[in-house]
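Generate a structure from the sequence data that follows.
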Amino acid sequence: MSDLPPPAPAAKKSRFPLWLLGCCGGCLLLVVAAAGGILFTVRYMATRIEEGALPEVQNRTYDEIVANSGLPPGFRIAFGNSFFSFPFVMFIPQEVKGSMEQAFKKAPEVMAILYRAPESASERADRDRLFSTGSMPTVPAILRMIMPEEAKAELESPQFRVGTIPGHEPPLRFAVGKQARRQRTGDTEKAGEIAFVDLTPEELEDAVVQVMIFRTDGAEITDEFLVKFCENFRPLK
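Next up, the predicted model:
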């Protein structure tokens, strides 16, 4: 036998790590899915906003939230639609003309939002405490959405004036408090007030129906104003 050197081992072929391909592919799918989700949400919101200017959609949404015999006297619907099963309508004074965008540029001094939203057991307990004691343990989610800072800081005092509105069965509970934010008109500053009126039927266990009224013209939200504003509301059974 000849003393030949042993054959050199065959060179291993370089392989692309399949786990990295799978990881990158998964990430790409997530990005595509996220982009698609964002696009869907944008289109959904744009469609809902466009529909919310149509009188038939506004009236249907209003009727879906609360039984009624008409609009609050002296007010009209500026917007109404449902967003992800969260229906709400916005009321502004009848004398404020134009589209929703045009109306809000005029900064109406009185505005109201009627809505129905999901509610947990702890949120229900907080709502009962607000209307019974005048204390707001936690700020409602919708109030946090529409106020730029911590919503509770927008109130001059955590104590609300509470009472009931007669002419309904059962009487509607209300809570009225002052807003810390003030609106400057000319050389004067006017304090604002906010009112909550509870329209939630007793048998409704997982949702809340309320109307929030904002007033920034320096005038108080009186009991008489609330009685008149809510006279056409009847909680849905």
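
so where is this structure shaky, pLDDT-wise?
1-42, 44-45, 104, 107, 142-158, 180-191, 235-237 (pLDDT under 70).

let's see it at 50
For the chain, the stretches with pLDDT under 50 are 14, 16, 18-35, 150-151, 156, 182-188, 237.

Could I get the full set of helices for it?
Applying DSSP state H to the chain gives helices spanning 18-51, 55-65, 100-105, 121-133, 141-146, 223-229.

separation between residue 131 and residue 164?
9 Å (C-beta to C-beta, to the nearest Å). In this view, the C-beta of every residue, glycine as well, is placed from N, C-alpha and C.

Between the two, which has more neighbouring residues?
Neighbours per residue, other C-beta atoms under 10 Å: of residue 131 and residue 164, the larger number sits with residue 131, 19 against 15.

Check the spacing between the spatially closest residue to the more buried one that is not a sequence neighbour and residue 48 real quick.
Once flanking residues are discounted, residue 131 sits nearest to residue 173: 4.0 Å by C-beta to C-beta, 6 or more residues apart in numbering. Residue 173 sits at a distance of 30 Å from residue 48 (criterion: C-beta to C-beta).

Repeat that for residue 80.
Applying C-beta to C-beta to residue 80 and residue 48 gives a distance of 10 Å.

Looking at these two, which has the bigger crowd around it?
More neighbours surround residue 80 than the other of residue 80 and residue 48, with 27 against 15 (other C-beta under 10 Å).

which residues touch that one?
Counting by C-beta atoms under 8 Å, 6 or more residues apart in numbering, residue 80 touches 52, 57, 58, 59, 60, 61, 62, 87, 88, 89, 90.

repeat that for 6 Å
Shown in contact with residue 80 (C-beta atoms under 6 Å, 6 or more residues apart in numbering): 52, 58, 61, 62, 89.

Give me the spatial nearest neighbour of the last one, chain neighbours excluded.
If I follow you right, that is residue 89. Using C-beta to C-beta, 6+ apart, the closest residue to residue 89 is residue 80 (3.7 Å).

re the thing from before, show me what the residue nearest to residue 131 is bridged to.
Counting by DSSP bridges, residue 173 forms beta bridges with residue 164, residue 198.

Please look at it and residue 198 and confirm they touch.
Yes - using C-beta atoms under 6 Å, residue 173 makes contact with residue 198 at a distance of 4.4 Å.

what sits in contact with each of the two?
Any residue near both residue 173 and residue 198 by C-beta under 6 Å, 6+ apart counts here, and that gives residue 131.

measure the closest residue to residue 60 other than its chain neighbours to residue 108 for me?
Closest residue in space to residue 60, ignoring its immediate chain neighbours: residue 80 at 7.9 Å, by C-beta to C-beta, 6+ apart. Going from residue 80 to residue 108 by C-beta to C-beta gives 16 Å.

same question, residue 168
With C-beta to C-beta as the criterion, residue 168 and residue 108 are 26 Å apart.

sorry, back to before: which one of the contacts of residue 80 sits in the busiest neighbourhood?
Busiest of these [other C-beta under 10 Å] is residue 89, holding 25 neighbours.

ok, that one - contacts?
Counting by C-beta under 6 Å, 6+ apart, residue 89 has contacts 61, 62, 77, 80, 114.

switch to 8 Å and redo it
58, 61, 62, 65, 77, 79, 80, 113, 114, 115.

right, and the first one touches residue 65 too?
No - using C-beta atoms under 8 Å, residue 58 makes no contact with residue 65, being 11.2 Å away.

about what we covered before: among the contacts of residue 80, which one lies nearest to residue 135?
residue 89 (28.1 Å; C-beta to C-beta).

Leaving out chain neighbours, which residue sits closest to residue 137?
Once flanking residues are discounted, residue 137 sits nearest to residue 126: 4.6 Å by C-beta to C-beta, 6+ apart.
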